[in-house]
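Enquirer: structure for this input, please:
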Amino acid sequence: MGSWWRSEDMTYMSLILSEEAAPAAIRELGILGCFQFTDLNPELTPFQRRYVSYIKRCDELERKIRYVYSETKKMGVPIDSAGFVESFINNNNSTDSHNSSAYILESLETKLDVYEQQLLDLNKYSERLAGEYQNKVEYHHLLVKAQRFLKVVLDIESQEIEKTRVLGATESGLAMSPLIS
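Expert: All right, here's what the predicted structure looks like:
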């Protein structure tokens, strides 16, 4: 119960590790959850730090994950939870090349690039199809209105032709009944 209080006894220590062993040691210390790390170079800006490129890659991955998530949510695709961070860390503690964090980051980056490109292409095709559909609907309505107009015009012309034929026949004195065959 004492671990809940900030006034618990603490000891300041300096831990010096080789660069190869540092990630594994920090991961193990982080799993314990009873360490607080202190920045020994507080004067450096975030862009002067050694691992800026990794942080930028992670930011880019986060952006892609948010994009894929929002697009799948828009499409109504159900998304299952990937689990908790602790289970991810525990499952990836091995040091072989297929489970290292660098390998996981690379494979995740590759998959997200593919998914993002597929979604961008799908959105582009969807917009193009929607535009073509609108054009076809407009063209259909235009044809329907033109058909109505032409039908009215043809009806008027046929009535005028019929009138002129009937008037022309009665003026010459030869009015013929259409019932006579």
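Enquirer: quick one: average pLDDT of the helix or strand that contains residue 66?
Expert: Element membership for residue 66, per DSSP states H and E: helix 52-75. Average pLDDT, helix 52-75: 89.
Enquirer: for the protein, which spans come out with low pLDDT?
Expert: Along the chain, segments meeting pLDDT under 70 span 1-7, 85-86, 88-101, 168-181.
Enquirer: check which helices and strands the longest helix belonging to it sits against.
Expert: Counting by DSSP state H, the longest helix found in the chain is helix 101-171. Applying 3 or more C-beta pairs under 8 Å, 6 or more residues apart in numbering; DSSP states H and E, we find helix 101-171 packed against helix 52-75. C-beta: built from backbone N, CA, C; applies to glycine.
Enquirer: which strands and helices lie in contact with the helix it packs on?
Expert: Looks like helix 52-75 contacts helix 101-171 (3+ C-beta pairs under 8 Å, 6+ apart).
Enquirer: count the residues that sit near residue 140.
Expert: Using other C-beta atoms under 10 Å, residue 140 is surrounded by 10 other residues.
Enquirer: my bad, should have said residue 152
Expert: Neighbourhood size, residue 152 [other C-beta under 10 Å]: 10.
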